[in-house]
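>>> Kindly generate the corresponding structure for this input.
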Amino acid sequence: MLCRNEYPILEFDDNPVAKLNPTNFAGSKLDTDKLVITFFPEVIRKLLDQEAIFEDLVIPGENPVPIYRFTDDPKVLLTLGQVGCPACAGNLDLFNAMGITRVMFCGGGGVLDRNIAVGQILVVEGAIRDEGFSYQYIAPSRVIYTEKETNEKIISYLEENEISYLRGLTWTTDAIFRETPDRIALRKEEGAKIVEMEQAGCIAVAQFRRFSYGALIYGGDDLSGEEWSNRGWRSREGIRYDLVQLCRKLLNVI
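Next comes the predicted model:
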């Protein structure tokens with residue numbers, strides 16, 4: 001039922017069936033339920049050069065989406081995420097319709113606290129919903145949370161393997177050029193450690209479709225000071241490669 005509101009973004013409809021559904025585009029089911037979504041194109045290129053992955057299929061469309069398969073672990077798939085909730089989380093809904101029910105996401109984001117070092121891993125426990133996509137899947141709320149059971153499995157693995165991590169919220173925004181000082185201060189006060197553009201939407205899709213989803217975001221550029229600092233975060237190739245491999249292993253845990 002559609003709940004009317006003065007503001008269209010808050011008019012939530014809990015009807016699970018839309019006029020256009022991901023099943024209309026899914027085609028045949030995949031033979032696995034495991035997928036890593038990464039935002040590191042250079043890692044995909046490196047894995048291709050190493051013949052550690054191969055292109056398994058391409059989802060056609062105006063923006064074709066390649067899906068890769070690990071050579072030595074063919075039950076794990078890998079794809080490059082697209083920026084923003086409509087693209088990234090929209091594709092996630094399609095992947096689920098194709099049979100994906102276990103997903104690990106890895107990317108980078110801007111830190112709101114300068115004490116979070118470049119490369120520090122954040123286990124995403126939820127996202128402040130400062131975007132529009134998630135409101136089409138889950139009723140309005142200020143924060144949307146990841147599944148506790150999935151997160152505890154991720155954290156147990158990290159601790160067993162002595163991998164340093166933080167846990168907490170991200171701030172998901174649609175507008176990279178509207179991260180103003182007052183907004184940053186408020187989101188930090190609310191508990192957000194990193195700002196990014198996809199998590200609220202991806203978490204909402206996972207909740208709505210009821211599948212396992214975990215996310216690791218590493219500390220990248222710094223928004224906590226008087227001036228923005230790049231910190232050379234996109235050049236941390238080792239960190240980014242290792243994070244993809246870590247997420248691959250976590251798919252056997254969640």
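>>> pLDDT averaged over stretch 149-168 - what is it?
In this model, stretch 149-168 carries a mean pLDDT of 95.
>>> End to end on stretch 157-167, go ahead and measure it.
14 Å (CA to CA, to the nearest Å).
>>> contacting residues around it?
116, 120-123, 125, 151, 155, 193, 216, 246, 249-250, 253 (CB atoms under 8 Å, 6 or more residues apart in numbering). Any C-beta I mention is one placed from the backbone N, CA and C, and that applies to glycine too.
>>> let's go with 7 Å and repeat that
116, 120-123, 125, 155, 193, 250, 253 (CB atoms under 7 Å, 6 or more residues apart in numbering).
>>> what does stretch 73-84 give?
For stretch 73-84, the surrounding residues in contact (CB under 7 Å, 6+ apart) are 32, 34-39, 41, 44, 53, 56, 65-70, 88, 91, 107, 174, 197-198, 248, 251.
>>> Buried residues, it. List them.
Residues of stretch 73-84 classed as buried: 73, 76-82, 84 (neighbour count, 16 or more other CB atoms under 10 Å).
>>> got JSON lines for the residues you listed, with secondary structure and distance to residue 7 too?
Formatted as JSON lines, the buried residues of stretch 73-84 follow (DSSP: H, G, I helix; E, B strand; the rest coil; distance: CB to CB, whole Å):
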{"residue": "73", "secondary structure": "coil", "distance to residue 7": "46"}
{"residue": "76", "secondary structure": "strand", "distance to residue 7": "41"}
{"residue": "77", "secondary structure": "strand", "distance to residue 7": "38"}
{"residue": "78", "secondary structure": "strand", "distance to residue 7": "38"}
{"residue": "79", "secondary structure": "strand", "distance to residue 7": "34"}
{"residue": "80", "secondary structure": "strand", "distance to residue 7": "34"}
{"residue": "81", "secondary structure": "coil", "distance to residue 7": "29"}
{"residue": "82", "secondary structure": "coil", "distance to residue 7": "27"}
{"residue": "84", "secondary structure": "coil", "distance to residue 7": "21"}
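>>> which one among those residues gets closest to residue 206?
Distance to residue 206, by CB to CB, is smallest for residue 81 among the buried residues of stretch 73-84, at 14.2 Å.
>>> ok so, going back, list the ones among the contacts of stretch 73-84 that fall in strands.
Using DSSP state E, the subset of the contacts of stretch 73-84 located in strands is 34-38, 53, 56, 65-70, 107.
>>> that older thread, by pLDDT, rank the contacts of stretch 157-167 and give me the bottom one.
Lowest pLDDT within the contacts of stretch 157-167 is found at residue 116 (82).
>>> what's the neighbour count on that one?
Applying other CB atoms under 10 Å, we find 22 residues neighbouring residue 116.
>>> Thank you kindly, that will do.
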